[in-house]
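1. after the sequence you'll find the predicted model.
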Amino acid sequence: MRIGELARRAGTSTRTLRYYEARGLLPARRAGNGHRTYDEDDLRLLREIRTLQDFGFELEETRPFLECLRAGHPAGDSCPASLAVYRRKLAELDDLIGRLADVRDHVARQLAGAEEAAGVAAAPRCEMTP
């Protein structure tokens, strides 16, 4: 298939496909007339990229999954390098969740203190309330 059809079937743009090609994530095969040609395996690679990016993976983090698929594995996450990326991403998410929990706790304490202070002192009149 040509680049336009692949882009349509993958739900992306031809510009994105050229970018992936330039980054070495999508093969750069050319027909005799110079047109880019793709097959179902390329569509599978694109779907893997999109799925991983939907889950928050950076474009470069998709590379081991694509290499795993290109090596003939039935799933992009069945290779050791892909599993290592999963582990790094999980650690990154755990760290982010921990930091968000700390921020949430801080905001909850601030709110509790503000509500307590508002209950003791006269509530200030907001200019927007009648």
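-> Structure received.
2. Arg36: neighbouring residues, count only.
-> Close neighbours of Arg36, defined as other CB atoms under 10 Å, add up to 20. To be clear about C-beta, it is placed using only N, CA and C from the backbone, and glycine gets the same treatment.
3. cool, and Arg18?
-> For Arg18, using other CB under 10 Å, the count is 15.
4. hmm, Arg30 is touching Tyr38, no?
-> No: judged on CB atoms under 8 Å, Arg30 makes no contact with Tyr38 at a distance of 10.9 Å.
5. the more surrounded of those two?
-> Tyr38 (22 against 9).
6. ok, that one touching Arg29?
-> Yes: with contact defined as CB under 8 Å, Tyr38 counts as touching Arg29 (7.3 Å).
7. and the helices in the chain?
-> Using DSSP state H, the helices of the chain run over 3-10, 14-22, 40-54, 63-70, 80-120.
8. mind listing what's buried in the first one?
-> Neighbour counts using 16 or more other CB atoms under 10 Å place 3, 6-7, 10 of helix 3-10 among the buried residues.
9. want to try CSV for these, with distance to Arg23 as columns?
-> Supplementary listing: these in CSV, determined by distance: CB to CB, whole Å:
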residue, distance to Arg23
Ile3, 16
Leu6, 16
Ala7, 16
Ala10, 16
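10. from the residues you listed, pick the one nearest His106.
-> Ala10 (42.8 Å; CB to CB).
11. can you pull the pLDDT of that closest one?
-> Per-residue pLDDT puts Ala10 at 93.
12. with Gly98 instead?
-> 97.
13. that one: neighbour count?
-> Counted with other CB under 10 Å, Gly98 comes out at 10.
14. then Leu45?
-> 23.
15. cool, and the one 10 residues further on?
-> As a burial measure, the neighbour count of Phe55 was computed by other CB under 10 Å and equals 10.
16. coming back round to it: how about the helices of the chain in CSV, adding distance to Gly34?
-> What follows is these, written out as CSV (distance: least, CB to CB, whole Å):
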stretch, distance to Gly34
helix 3-10, 12
helix 14-22, 14
helix 40-54, 18
helix 63-70, 24
helix 80-120, 34
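17. need the winner for burial among the ones you listed.
-> helix 63-70 (a mean of 19; mean count of other CB atoms under 10 Å).
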